[in-house]
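Undergrad: this one's structure only:
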Ligand SMILES: NC(=O)C1=CN([C@@H]2O[C@H](COP(=O)(O)OP(=O)(O)OC[C@H]3O[C@@H](n4cnc5c(N)ncnc54)[C@H](O)[C@@H]3O)[C@@H](O)[C@H]2O)C=CC1
Ligand SMILES: O=C(O)C1=N[C@H](C(=O)O)C[C@H](O)C1
């Protein structure tokens, strides 16, 4: 039992943090060795199980990642961009696998992961589910097959608490569509239309974000041409799909060389 890879979860009280904790506790392939929350959070110093409203687990929620990462084999991190960058440096120091689910990182922030990835395995994906990663592949193939008569639009919907847009998944799908077309997404992305925008440009890839209620995550890739439309869709109804993917990535990373990987590598897609 104690030989199983030890996992630390950051952002322990969050929507994904709690789902990840349950997923690790239910797994016979890993064990939970730490739970981290931000400094000042009212879960710090409390037993994790009791803080989650259940029985004591004997794991105390901490704010200092240094000590926790030192006793772990992997850190699963679904928090916020600047927190994730701090965790990457500490995971690299501890030489533990860092699984990053955090979205909303800009290009400059993503570039700041590079030094850490020279010392430790980083697996990062805007969506850790098998279904979405398959949808990414399908999107690339469909975009490759169609010409610019087909306008590509990525439409996503999430719960009212989500702070970043477009979603990490929408950007993965946009990148896949652009790659299929042989163009750079940055050159063709239409994000946030408002007012007199002018007619839609051929070859552009549009993004629309819906926010409301408790929607877990829904993504459509629309290919619209005169007379016909193709819609590729993924609907997430349970955050467990992301947590299962993240744990799989943490275990997959155990025997890999330092570097940056994604879920395509983990799933072999
Ligand atoms: N890649 C994927 O498959 C998925 C990614 N996400 C992403 O995961 C992130 C978190 O999402 P949610 O759980 O819904 O958000 P949330 O707001 O419920 O949880 C975030 C947690 O991180 C904690 N946190 C923030 N800064 C911290 C710090 N410096 N140290 C320790 N903890 C810190 C917060 O206190 C909070 O508990 C978002 O970026 C979201 O887009 C969410 C679902 C799936
Ligand atoms: O914030 C969320 O909830 C989700 N975020 C990810 C994203 O930005 O795509 C993945 C999933 O859709 C849920």
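TA: On my side now, so go ahead. Everything numeric here is computed off the predicted structure, so don't read it as measured data. Ligands and ions are numbered 1, 2, ... in the order given.

Undergrad: Around ligand 2, pick out the residues from the stretch 51-200 of the chain.
TA: 103, 126, 127, 158, 162, 167, 168, 169 (CB under 6 Å from any ligand atom). (Each C-beta comes from the backbone N, C-alpha and C, glycine too.)

Undergrad: ok and the residue in the stretch 151-269 of the chain nearest ligand 1?
TA: residue 242 (3.7 Å; CB to the nearest ligand atom).

Undergrad: Same check on the stretch 1-150 of the chain?
TA: For the stretch 1-150 of the chain, CB to the nearest ligand atom, closest residue to ligand 1: residue 14, 2.2 Å.

Undergrad: pLDDT score assigned to the residue lying farthest from the centre of the chain?
TA: Distance from the centre of the chain peaks at residue 227, with 35.7 Å (CA atoms, centre = their mean). Looking at residue 227, its pLDDT is 98.

Undergrad: Relative to residue 152, how far out is it?
TA: Remark: distance between residue 227 and residue 152 (CB to CB, to the nearest Å) = 17 Å.

Undergrad: What parts of the stretch 151-269 of the chain come near ligand 1?
TA: Going by CB under 6 Å from any ligand atom, the residues of the stretch 151-269 of the chain near ligand 1 are 168, 242.

Undergrad: returning to that earlier point: got the residues of the stretch 51-200 of the chain next to ligand 2 as TSV, with pLDDT, neighbour count and distance to residue 86 columns?
TA: Below are those laid out as TSV (pLDDT from 0 to 100; neighbours: other CB atoms under 10 Å; distance: CB to CB, whole Å):
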residue	pLDDT	neighbour count	distance to residue 86
103	98	24	17
126	98	24	20
127	98	27	23
158	98	25	25
162	98	18	22
167	98	23	23
168	98	21	19
169	98	26	24
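
Undergrad: what would those look like in CSV with secondary structure?
TA: Below are those laid out as CSV (DSSP: H, G, I helix; E, B strand; the rest coil):
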residue, secondary structure
103, coil
126, coil
127, coil
158, strand
162, coil
167, coil
168, helix
169, helix
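
Undergrad: neighbours around the closest residue to residue 8 other than its chain neighbours, how many?
TA: Nearest residue to residue 8, sequence neighbours excluded (CB to CB, 6 or more residues apart in numbering): residue 34, at 3.8 Å. Neighbourhood size, residue 34 [other CB atoms under 10 Å]: 23.

Undergrad: So which elements touch the helix or strand containing residue 34?
TA: Assessed by DSSP states H and E, residue 34 sits inside strand 31-36. On a contact count with 3 or more CB pairs under 8 Å, 6 or more residues apart in numbering; DSSP states H and E, strand 31-36 meets strand 6-10, helix 15-26, strand 61-62, helix 65-70.

Undergrad: Can you say which of the ones you listed is packed in most?
TA: Most buried of the helices and strands packed on strand 31-36 by mean neighbour count (mean count of other CB atoms under 10 Å) is strand 6-10; its value is a mean of 28.
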